[in-house]
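Colleague: My questions concern the predicted model and sequence given below.
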Amino acid sequence: METRDIEYILAVAAHGAIGRAAEALGISQPALTKAVQRVEMQAGLPLFERTANGMTATYAGTRFLERAQRIRLEYEDGIKEMLGIRTGEQGILRVGYSPSIPGKVILGACQQLVRERPVARLRLRRRLARDLLDLLAAGELDMAVAPAPQKQAVAGDFAVEPLFDDRLVVVADEGHALLRRRKLRLADLADQEWLLPEAHITLRQQVDAAFRQRGLPEPRPRIEIDFGSTSLFALMQGTQMLSIANEGGDAMQHGLRALPLALEELDLRRRIGVITRAGAYLSPLAQRLTALLREHSR
């Protein structure tokens with residue numbers, strides 16, 4: 001197999017059609033078709049099912065694509081490592097971070113890095129933790145600052161450098177009547193309106209599960225959001241809505257306060273860390289940013 005055939009096969013899978021993949025690769029459709037046939041002949045199995053709508057990976061093709069993606073990432077890591085040896089650091093560092101990470105940690109560390117390394121360039125992405133893991137797995141990020149993955153099946157694909165532990169809490173506008181109570185139980189929140197992430201997001205699922213475990217109806221979100229921006233907490237000002245936020249985090253800048261809800265009622269403790277692909281090459285620039293993140297998270 002030619003090395004470029006791996007890129008061709010991955011492109012066909014990504015675009016779902018020979019025509020679109022050939023256009024993206026800048027080659028002719030017949031050349032790409034021959035490449036796919038060449039690989040299928042070597043594999044001894046069809047990798048794609050041809051349909052009227054395009055190309056869909058077969059069972060064998062799906063398994064092959066998983067290995068091809070790992071080979072591509074290993075090759076890219078090898079090139080990065082050689083560049084790192086030659087130049088002393090990698091020029092562009094692609095960093096993702098979760099919206100729930102305190103700004104002073106991630107932005108403070110990045111600010112110090114660009115002061116220290118005038119030629120370094122950063123590409124930042126702010127995404128939900130699950131999206132960050134997908135980007136890492138696809139090789140589109142070098143590192144992410146986010147809650148450590150909890151699912152064992154997922155966690156094994158990544159390496160985590162712990163930074164700090166934090167806790168998410170239920171918050172309300174500073175004028176909310178529940179803030180005058182000394183101690184609350186989850187049952188006291190059952191009839192409240194909420195601002196919450198959408199149902200497919202892990203945090204929402206944790207909150208819903210906590211209510212169900214106590215035989216309570218799941219929270220009624222008046223507003224559903226993707227938590228892409230903490231400025232959305234401004235929607236809660238002067239309302240009776242509840243939401244989830246970092247204890248002492250950015251939400252408090254919008255006049256919100258944590259409700260006195262016992263930890264055993266809703267345990268949303270997390271471990272925040274620098275997450276990378278297991279076994280991936282980390283450039284000197286990535287290693288330095290990791291050290292700065294540790295300093296800024298103390």
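Modeller: On my side now, so go ahead. Numbering: from 1, shown residues only.
Colleague: Every contact and neighbour count from this point should use C-alpha atoms.
Modeller: Noted.
Colleague: Next up, the contacts around residue 236.
Modeller: Taking C-alpha atoms under 8 Å, 6 or more residues apart in numbering, we find residue 236 in contact with 172, 173, 195, 242, 256.
Colleague: Tell me the spacing between the last one and residue 133.
Modeller: Same thing as residue 256. Distance of residue 256 to residue 133, computed by C-alpha to C-alpha, to the nearest Å: 30 Å.
Colleague: and the two most separated of the contacts of residue 236?
Modeller: Spatial extent of the contacts of residue 236 (C-alpha to C-alpha) is set by the pair 195 and 256 at 12.6 Å.
Colleague: Between these two, which has more neighbouring residues?
Modeller: Comparing residue 195 with residue 256 by other C-alpha atoms under 10 Å, the one with more neighbours is residue 256, at 26 against 22.
Colleague: Quick check: the gap between that one and residue 189.
Modeller: Residue 256 is 16 Å from residue 189, by C-alpha to C-alpha.
Colleague: With residue 247 instead?
Modeller: From residue 247 over to residue 189 (counting by C-alpha to C-alpha), the distance is 18 Å.
Colleague: Please apply the same query to residue 147.
Modeller: Remark: distance between residue 147 and residue 189 (C-alpha to C-alpha) = 26 Å.
Colleague: Between those two, which is the more surrounded one?
Modeller: Comparing residue 147 with residue 189 by other C-alpha under 10 Å, the one with more neighbours is residue 147, at 26 against 17.
Colleague: okay but the more buried one is in contact with residue 203, surely?
Modeller: No: in this structure residue 147 lies outside contact range of residue 203 using C-alpha atoms under 8 Å: 11.0 Å.
Colleague: Low-confidence ranges, the stretch 1-150 of the chain, go.
Modeller: Counting by pLDDT under 70, the stretch 1-150 of the chain shows low-confidence ranges at 1-2, 81, 83-91.
Colleague: Next, count neighbours for the nearest residue to residue 92 once chain neighbours are set aside.
Modeller: Residue nearest to residue 92 in three dimensions, not counting chain neighbours: residue 121, with 4.7 Å by C-alpha to C-alpha, 6 or more residues apart in numbering. By other C-alpha under 10 Å, 15 other residues sit near residue 121.
Colleague: Residue 161: which element?
Modeller: Using DSSP states H and E, residue 161 sits in strand 158-173.
Colleague: Convert that strand to CSV, retaining C-alpha atoms only.
Modeller: What follows is strand 158-173, C-alpha atoms only, in CSV (Å, rounded to 0.1, in the frame of the first residue of the first chain):
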residue,chain,number,x,y,z
PHE,A,158,-6.4,9.6,26.6
ALA,A,159,-3.7,10.7,29.1
VAL,A,160,-4.6,13.2,31.8
GLU,A,161,-2.3,15.5,33.7
PRO,A,162,-4.3,16.5,36.8
LEU,A,163,-4.5,20.3,37.5
PHE,A,164,-7.1,20.8,40.2
ASP,A,165,-10.4,19.5,41.6
ASP,A,166,-13.5,21.7,41.5
ARG,A,167,-17.2,21.5,42.1
LEU,A,168,-20.2,22.6,40.2
VAL,A,169,-23.1,24.0,42.3
VAL,A,170,-26.7,25.1,41.8
VAL,A,171,-26.8,28.9,41.4
ALA,A,172,-29.6,31.5,41.5
ASP,A,173,-30.0,35.2,41.2
